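1. Got a sequence here, can you model it:
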Amino acid sequence: MIDKEIPILDKGYVKLVSFMGQDESPLSDARLSSQAKPDVKRDDGLRSYLWEHGHTSTFQSMICQIELKLPLFVLHQLHRHRTVSFDGLEIESSEEGFRKWFSPNEQSGRYSKFEEEFYIPEKVLAQDTKNKQGSIDTLEPGIQEAFISRLDNNNADSYYSYTTAIKEGVSKEYARLLLQPNLYTRRRVTGDFVNWCNLEKLRLDPHAQPESRAYAQGISEILKFLWPKSYELFEEFTLHAVKFSRTEMTALKELVSGYGMVDIDESFEQLLGKNKLKIFLEKVGIS
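-> As a prediction, the model looks like this:
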């Protein structure tokens, strides 16, 4: 997996550059605080308990650096997830004074000349009339083809203007203003497992921009490869979990209570197992 590129979009990729920590790292960190002895038989249970109950600082010793080749407009979406950690409290901020757990290093348009690489979508989506931030797959093929044709022309024109300006003596940092947001760039991002999962939670959502979701899916392959047991917990308790309001919890309790304990034991135990069923009923408020 190291330096193996996972193709994304038409010309992009994600790849693992380096990493630190194993699936066992959160366990040894947690046991350090209590001076508990290692116990392999209890590893999976402890790991699950830590993640489910929010003791995520133990997972922050698992760190990886990922290189992304991506269009500028996608980078701007992912860049919003600059999360920082301060005394165990995670907050999103652009303040440089905090210690950033997402540390980015990007190809500089001030020092190097960009290559003529622009993202061309396979499918152009229409504006969603109900969701102002969303897109839907309803655009006629002819309109899509016309848009891509204009995009191709704009790409060629902007890159020609960019290279011409450089030849005429304009600095690279100003010449790049002529380029379009679908230009490809490269960025290396270093972050811990918790912050990567925060990004995954938002960008793997079905409502996320398709291009951003594609990069999140590529990142997920890397995280699963490095830390399969920890990533499984993220999927179980975070990615595919939902929150209920107080009113919804009341409705859920009424719904479950309507089954009767005999029916609950028969219907739910087969799905959850005895231990998880007990925990589920405690969460709902049924003992």
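
2. From here on, just use CA atoms for contacts and neighbour counts.
-> Fine.

3. Would you state the strands of the chain in chain order?
-> 5-8, 12-20, 63-71, 83-86, 89-92, 103-106, 126-127, 135-136, 184-192 (DSSP state E).

4. and the last one with strand 12-20, angle?
-> What that stands for is strand 184-192. Counting by axes from the mean of the first three to the mean of the last three CA atoms, to 10 degrees, strand 184-192 lies at 30 degrees to strand 12-20.

5. Return the distance of Leu75 relative to Thr247.
-> Applying CA to CA, to the nearest Å, the value for Leu75 to Thr247 is 39 Å.

6. which stretches of the chain form helices?
-> 25-34, 43-52, 72-78, 141-167, 172-175, 193-203, 210-226, 228-234, 246-257, 261-272, 274-284 (DSSP state H).

7. Now do the shortest one, average pLDDT.
-> Same thing as helix 172-175. Per-residue pLDDT values over helix 172-175 give a mean of 93.

8. Report all helices and strands that it contacts.
-> helix 141-167 (3 or more CA pairs under 8 Å, 6 or more residues apart in numbering; DSSP states H and E).

9. For the helix it packs on, list every residue counted as buried.
-> 144, 148, 151, 155-156, 158-159, 161-163, 165-166 (16 or more other CA atoms under 10 Å).

10. got it, and stretch 120-139?
-> So for stretch 120-139, counting by 16+ other CA under 10 Å, buried means 120, 124-125, 135.

11. got it, and stretch 212-224?
-> Here stretch 212-224 shows 212-223 as buried, counting by 16+ other CA under 10 Å.

12. Ignoring the adjacent residues along the chain, who's closest to Glu116?
-> Distance criterion CA to CA, 6 or more residues apart in numbering; nearest residue to Glu116, sequence neighbours excluded, is Tyr159 at 6.7 Å.

13. which residues does the one you found contact?
-> Residues near Tyr159 by CA atoms under 8 Å, 6 or more residues apart in numbering: 116, 178-179.

14. ditto for Asn131
-> Contacts of Asn131 by CA under 8 Å, 6+ apart: none found.

15. For the closest residue to Leu78 other than its chain neighbours, give me the pLDDT.
-> Spatial nearest neighbour of Leu78, excluding adjacent residues (CA to CA, 6+ apart): Ser212 at 7.2 Å. For Ser212, the model assigns a pLDDT of 94.

16. Val74 is in contact with Ser212, correct?
-> Yes. Using CA atoms under 8 Å as the test, Ser212 is close enough to Val74 to be in contact (5.8 Å).

17. Number of residues surrounding the closest residue to Met20 other than its chain neighbours?
-> Spatially, and ignoring its direct neighbours in sequence, Met20 is nearest to Ile63 (5.2 Å; CA to CA, 6+ apart). The tally of other residues near Ile63 (other CA atoms under 10 Å) stands at 23.
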